[in-house]
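Enquirer: Predicted model and sequence follow; I will ask about them next.
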Amino acid sequence: MSSESKFGDYGGQFVPEALMPAIEELTDAYERYVIDNEDGFMDEFRRRLADFGGRPLPLQRADQLSERYDTEVYLKREDLLHGGAHKLNNALGQVLLAKYMGKERIIAETGAGQHGTATAMAAAHLNMPCEIYMGETDIARQRPNVFRMRLNDAEVNPVTTGRGTLKEAISETMRDWATTVETTHYVIGSVVGPAPFPAMVRDFQAVISEEAREQVQDKTGDLPDAVLACAGGGSNTMGAFHHFVPDEAVDLYAVEAGGSSLSVDEEEGVAPNSASLSTGDEGVLHGARTKLLQDSDGQIMESHSVSAGLDYAGVGPELAHLVDEDRVTPVNVDDDAALEAFHRLSQDEGVIPALETAHAFGYLEEHHDQVGDTVVVNVSGRGDKDLETVIEETSKRDLDIAPDMSLFREMGGGM
Amino acid sequence: MGLERAFADEPAFVPYLAAGDPDYESSVEYVEALARGGADVIELGLPFSEPIAEGPTIQEAVVRSLEAGMTPDRFFEFVEDLDVDVPLVCMTYYNLIYQYGDSEARYASDDANGEAVSGEQGPEPFVKKAAEVGIEGFVVPDLPAEEAGPLRATCDEYGLDLVFIVAPTTEGDRLAAMMDQTSGYVYVQARLGVTGARDDVDDATEASLARIADWDVPRAVGFGIKTGDHAERIVSAGADGIIVGSALVDIVAEGHDNGDPVSTVAERLETKARELKDGALRGAQNRPQPEGK
């Protein structure tokens, strides 16, 4: 591990001056505790990931999918991590780091609420006060997650600016941090933001590929031909890829949300997708140079996906770099294919995936003959949080694979 | 370079408004009112969709301006339309500077190569255009000294100033690096946090001014100044100028919300500007004369 601040031309520290001392302090703490394991930080992190988080997590052969595709398909079961998604790997690491740094307060942004709930859990576990910033639009559509955060004793601060979604929540959390840097740590939710966040979050998530790389060799005697992971900001993606990056023979597919269309509406400033790796271009957002969905002036677009967790106009700078280096292949899957894949994995394997995760399986369905003989797919999270969306979106469509929806139509939005 | 001249004879009053807030035509009137009220330099905000350094007041101004159709090209027209005899500074975020240029050429080459090439031209097209319309300098809140190399070099090439923001937490080598790069003036952030008018004047201001006393560049203090008395105290404490944003944007917002006539809002801005400038002048009389400056 090393403390990179740039990945090729991407990354960097484009933040207000008032944050720079906090970022320097964090860089120092990252190098000492995470990279050099000072005071046994990483040992405690791994112990807590095991005892509180439930690691190590299985790599499971997907028997029905393997037969369907005539390909050995293995599932890395991050959905079994405490909280139901990979997010806790990062949240636990950062809250513990804040504790080692002597910080007294935790703040975080959240979009769909997965990172917020993971941070609230980690903060409760480590007995730190916690405040979560969440757009008011997201609060309205993610009520169960808001309640989970409140149950874990976190404050939830509604963000009313802009359209009230993830990017406004990130901006607002940065503003809080700019006033409170001396006492507060900002637990960013993905491999985005100013250095050292992208490298540090990747290191906390890298446990995914560290385990998977050993497990797949134990089970098959060899490395896989491909690893597939969905990509929004990219934390599960980098976590699933990191230890495979030096294995040139292993193809790495970052599956983005193609939404309803890959085209953009310049006039309205809306991209009906969140495929920043596939279609975005270089720019600076939230502290880093990376690939972005932006209009020709450089204003950031509103992204859209059936999966709120993939809904972000930027992407981690290291992923942007790995794509430019042709080490990671960016691909995308539209809302319809992701929904079908959601139902297929639920029916065939007994695993109800997050809608984010379903994108990776949507790609496998469409391109299974091109990805090789052995494939690892990262099941980044479980789908319980998405059931309301799935009922609504499935009812709108005519999907052969979906269960009979008539019962749910009558129920309306009562869940 | 140029902007230092605005601080030469007396303490400078440096107001900020978001260009195009709440609409293009009213905003032209408002900026001209500030000039009549005694502005020595005017900071014009070019709104960016993700203003991470701004408090609620300026965020709302940014939203109003963007919704009224402000773009970088409209901004340059705006500057040309202004009838003011005051140096103008563009305050914006780096992505807009970085992306500006011939977007048609960019998309054409996207098609040809199948990959994006935006940004390869760097900040030059934006700086060149700004210089053409009469902008004399930039303040870029999300561009710390570590990332400023290309913009600093381009500004030097076109003879424009690049103003850095020094925070209360900026010390040591970082402070030196910024003070060596800043030109025109240095923006002294009076307190931690985001922009926004507040009632008191922080002791940290004096400490910040003292920390940078060794550099020979005008020191303009901003963040939280909203009355003539604030301005007086800040200048008494040694500032060479005061920067006022949110207190003026508040006047624009109130006028907009109440549906007040543009001329009335412009008069209020001019009155407020005069109050702030007079406060700064009073402050200069109270302060011990520094030798040799």
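Expert: Everything's here; your move.
Enquirer: Check which element follows the lowest-mean-pLDDT helix or strand in chain B along the chain.
Expert: In chain B, no helix or strand scores lower on mean pLDDT, DSSP states H and E than helix B:103-113, which sits at a mean of 43. Using DSSP states H and E, the helix or strand that follows helix B:103-113 in sequence is helix B:124-133.
Enquirer: quick one: average pLDDT of that next one?
Expert: The average of the pLDDT scores along helix B:124-133 is 97.
Enquirer: do stretch B:16-36 as well
Expert: Mean predicted lDDT for stretch B:16-36 stands at 98.
Enquirer: Give me the distance between the nearest residue to A:Ala313 once chain neighbours are set aside and chain B.
Expert: Closest residue to A:Ala313 apart from its sequence neighbours, by Cβ to Cβ, 6 or more residues apart in numbering or on different chains: A:Leu293 at 4.3 Å. Where you see a C-beta, it was placed from the backbone N, CA and C, and this is true even at glycine. Counting by Cβ to the nearest Cβ, to the nearest Å, the separation of A:Leu293 from chain B is 11 Å.
Enquirer: hang on, A:Gln94 packs against A:Gly189?
Expert: No. The pair A:Gln94 and A:Gly189 fails to qualify as a contact (Cβ atoms under 8 Å) at a distance of 9.4 Å.
Enquirer: Give the residue from the two that has the larger number of neighbours.
Expert: A:Gly189 (31 against 28; other Cβ atoms under 10 Å in any protein chain shown).
Enquirer: burial count for A:Thr329?
Expert: For A:Thr329, using other Cβ under 10 Å, the count is 17.
Enquirer: what sits against it?
Expert: A:Asp251, A:Leu252, A:Tyr253, A:Ala254, A:Val323 (Cβ atoms under 8 Å, 6 or more residues apart in numbering or on different chains).
Enquirer: any idea which of those is the one closest to chain B?
Expert: Distance to chain B, by Cβ to the nearest Cβ, is smallest for A:Val323 among those, at 9.6 Å.
Enquirer: Which helix or strand lies directly C-terminal to whichever strand or helix holds A:Glu282?
Expert: In this assignment (DSSP H and E), A:Glu282 forms part of strand A:281-285. Downstream of strand A:281-285, the next assigned helix or strand under DSSP H and E is strand A:288-292.
Enquirer: what helices or strands is that following strand leaning on?
Expert: With contacts defined as 3 or more Cβ pairs under 8 Å, 6 or more residues apart in numbering or on different chains; DSSP states H and E, the packing partners of strand A:288-292 are strand A:10-11, helix A:276-279, strand A:281-285, helix A:317-324.
Enquirer: Which neighbouring elements make contact with the longest one?
Expert: So that's helix A:317-324. Using 3+ Cβ pairs under 8 Å, 6+ apart: helix A:317-324 touches strand A:6-7, strand A:10-11, helix A:197-205, helix A:235-241, strand A:251-259, helix A:276-279, strand A:288-292, strand A:328-334.
Enquirer: Can you tell me which of these is packed in deepest?
Expert: Counting by mean count of other Cβ atoms under 10 Å in any protein chain shown, helix A:235-241 has the highest mean neighbour count of these, with a mean of 31.
Enquirer: so how far is that one from its chain's centroid?
Expert: 8 Å (Cα atoms, centre = their mean, to the nearest Å).
Enquirer: ok, the residue nearest to A:Ala313 touching A:Ser305?
Expert: No. In this structure, A:Leu293 is not within contact of A:Ser305 by Cβ under 8 Å, at 11.4 Å.
Enquirer: who touches both of those two?
Expert: By Cβ under 8 Å, 6+ apart, the residues touching both A:Leu293 and A:Ser305 are A:Asn273, A:Ser274.
Enquirer: so where do the strands sit in the stretch 101-250 of chain B?
Expert: For the stretch 101-250 of chain B, the strands defined by DSSP state E, counting those that start in this stretch occupy B:135-139, B:161-163, B:165-166, B:186-189, B:219-222, B:241-244.
Enquirer: about what we covered before: could I get the contacting residues of the residue nearest to A:Ala313?
Expert: A:264, A:271, A:273-276, A:279-280, A:300-301, A:303, A:313-314.
Enquirer: where exactly do the strands run in the stretch 301-415 of chain A?
Expert: With DSSP E, counting those that start in this stretch as the criterion, the stretch 301-415 of chain A has strands spanning A:302-303, A:328-334, A:374-378.
Enquirer: Parallel or antiparallel, list what pairs with the first one.
Expert: In the sheet, strand A:302-303 lines up against strand A:270-271 (parallel) (DSSP bridges).
Enquirer: Then the last one?
Expert: When pairs are called by DSSP bridges, strand A:374-378 turns out to pair with strand A:72-76 (parallel), strand A:226-230 (parallel).
Enquirer: Quick one: closest of those strands to A:Phe147.
Expert: strand A:226-230 (25.6 Å; Cβ to Cβ).
Enquirer: CA atoms of that closest one as PDB?
Expert: Below are the C-alpha coordinates for strand A:226-230, written out as PDB (Å, rounded to 0.1, in the frame of the first residue of the first chain):
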ATOM      1  CA  ALA A 226     -12.900 -12.000 -15.000                       C
ATOM      2  CA  VAL A 227     -14.100 -10.000 -12.000                       C
ATOM      3  CA  LEU A 228     -17.400  -8.100 -12.300                       C
ATOM      4  CA  ALA A 229     -18.500  -5.300 -10.000                       C
ATOM      5  CA  CYS A 230     -21.100  -2.600 -10.300                       C
END
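Enquirer: wait, isn't B:Glu16 in contact with B:Glu43?
Expert: Quick fix: residue B:16 reads Tyr, not Glu. Yes. Judged on Cβ under 8 Å, B:Tyr16 makes contact with B:Glu43 at a distance of 4.1 Å.
Enquirer: any common contacting residues for these two?
Expert: With Cβ under 8 Å, 6+ apart, B:Tyr16 and B:Glu43 have common neighbours B:Met91, B:Ile243, B:Gly245.
Enquirer: would you turn the residues you listed into CSV with distance to chain A and pLDDT?
Expert: Shown next, in CSV, are the shared contacts of B:Tyr16 and B:Glu43 (distance: Cβ to the nearest Cβ, whole Å; pLDDT from 0 to 100):
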residue, distance to chain A, pLDDT
B:Met91, 12, 98
B:Ile243, 14, 97
B:Gly245, 14, 96
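Enquirer: among the strands of the stretch 301-415 of chain A, which gets the worst mean confidence?
Expert: Among the strands of the stretch 301-415 of chain A, strand A:302-303 carries the lowest mean pLDDT (a mean of 84).
Enquirer: List the contacts of that one.
Expert: Outside strand A:302-303, the residues touching it (Cβ under 8 Å, 6+ apart) are A:163, A:165, A:257, A:259, A:269-271, A:273-274, A:276, A:293, A:311-313.
Enquirer: Pull out the buried members of the residues you listed.
Expert: A:165, A:257, A:259, A:269-271, A:273-274, A:276, A:293, A:311-313 (16 or more other Cβ atoms under 10 Å in any protein chain shown).
Enquirer: Just give me the closest of those to chain B.
Expert: Proximity of the buried ones among the contacts of strand A:302-303 to chain B (Cβ to the nearest Cβ) peaks at A:Gly269, which lies at 7.6 Å.
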